[in-house]
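Undergrad: This is the structure alone, sequence omitted:
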């Protein structure tokens, strides 16, 4: 029949579960959260960032390739027509990443330097973009829902960036207003390798 102590404990648990009204639980919680944690709690972006490299076509997976270039190790070369970003390793090798690039009418070419690096960057759409898309927010703090993704490398004094994305399925496509998109996994990897003043060549 069981211990009387066990019966008492079970009765107490049943009493507590019945006496607790459903509306006392924060939305999405089956049980009360730990002390000090509210229903609005969400873990840091680093905790919930899911590896996304397996969500893009195989040809756009990060890989080491052979290259012929006179550029020094550490240079970034972006081939927008092929949707690849190359980080030059030296000795005829480069780390190749798949990217999303500008859609028709927003293409550009040139050489710049990395002028700023940011983790989980905030986003303020420029005036021209807001004119085209008045539905966009005027400002968005960094995080998993931010279209700039996990990291951003700013290019000179331009409005363009190499950045992550919360839409990894767009890698390999012409989708942006000029920025270079990478998966969050890839942009974090590149971010750790790149220094300020790194040369970036966009072809």
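TA: That came through, no problem. Predicted, not measured: the structure shown is a model, and the values here were computed from it.

Undergrad: so where do the helices sit in the protein?
TA: 4-19, 45-48, 127-132, 184-193 (DSSP state H).

Undergrad: the bottom helix or strand of this structure by mean pLDDT?
TA: Least confident element among the helices and strands of the chain, by mean pLDDT, DSSP states H and E: helix 4-19 (a mean of 42).

Undergrad: just checking, residue 85 touches residue 182?
TA: Yes - if you go by CB atoms under 8 Å, residue 85 and residue 182 touch, sitting 7.0 Å apart. Every C-beta, even on glycine, is put in place using the N, C-alpha and C of the backbone.

Undergrad: quick one, which of the two is more surrounded?
TA: The neighbour count for residue 85 versus residue 182, taken as other CB atoms under 10 Å, is higher for residue 182 (30 against 27).

Undergrad: about what we covered before: determine the residues that are contacts of both of residue 85 and residue 182.
TA: With contacts taken as CB atoms under 8 Å, 6 or more residues apart in numbering, residue 85 and residue 182 have 97, 98, 99, 162, 190 as neighbours in common.

Undergrad: Near the third one, how many residues? Count them for me, please.
TA: Applying the criterion other CB under 10 Å, we find 27 residues in the vicinity of residue 99.

Undergrad: show me what contacts it?
TA: 60, 78, 83, 84, 85, 171, 172, 180, 181, 182.

Undergrad: Can you flag which of those belong to strands?
TA: When strands are assigned by DSSP state E, the members of the contacts of residue 99 inside them are 78, 84, 85, 180, 181.

Undergrad: Please tell me how far stretch 70-84 is from the chain's geometric centre.
TA: With CA atoms, centre = their mean, to the nearest Å as the basis, stretch 70-84 stands 21 Å off its chain's centre.

Undergrad: circling back: out of the ones in strands among the contacts of residue 99, who has the most neighbours?
TA: That'd be residue 181 among the ones in strands among the contacts of residue 99, by other CB under 10 Å, with 29 neighbours.

Undergrad: is it true that residue 157 touches residue 115?
TA: Yes - proximity of residue 157 to residue 115 meets the contact threshold set by CB under 8 Å, at 6.9 Å.
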